[in-house]
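In: all I have is the shape, not the residue letters:
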C-alpha cells in the first residue's frame, strides 16, 4: 500500500504542475477513475459486485484531486502532500472493500506501479 500512494501522488503532481496542460491531455476525473477501476478489475481481480463501488470511490477521489490540486495553482511540494493525504483517505475506504487475496494483489500492483513510474521518469 505504501508504494502505490507515492506513485499516484507523483503522477498527479506531475499532472497538476504542468499548468499549460488541459484536462483533455490527461483525462477528466471520470476517465481517470474508469482507467483505475479497469486496471484494478484486471489485476486484483474485482468481483462484479465490487466494480460499481470501487468505481464510485475512484471517481470521488479523482474529482477531489482535480478540484483541490489540478485545478489550482498549487506548487509541486504542496500538491504532493495534498495528493498524498487524499490518497491515504481513499485507501482507508478502499481496503475494507477488498478481500485478503485482493489486498495482497493490491500491494503487488503498487510495487509494480512504483517501478514503472521510476523507470519512466528516472
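Out: Cool, got the structure. Note that the structure is a prediction, hence the values are computed from the model and not measured.
In: from now on I want contacts and neighbour counts done on CA atoms only, so please keep to that.
Out: Noted.
In: which sections of the chain are below the confidence cut-off?
Out: Along the chain, segments meeting pLDDT under 70 span 1-26, 117-118, 120-122.
In: hmm, 50 instead?
Out: Where the chain drops to pLDDT under 50, the residues are 18-20, 22.
In: hey, where'd the helices end up in it?
Out: With DSSP state H as the criterion, the chain has helices at 4-17, 23-26, 29-43, 48-65, 76-94, 100-121.
In: list the buried residues in the fourth one.
Out: By neighbour count, with 16 or more other Cα atoms under 10 Å as the criterion, the buried positions of helix 48-65 are 51, 54, 55, 57, 58, 59, 61, 62, 63, 65.
In: how about the fifth one?
Out: Taking 16+ other Cα under 10 Å as the basis for neighbour counts, the residues of helix 76-94 that come out buried are 76, 79, 80, 82, 83, 84, 86, 87, 88, 90, 91.
In: for residue 101, give its distance to residue 74.
Out: As defined by Cα to Cα, to the nearest Å, residue 101 lies at a distance of 38 Å from residue 74.
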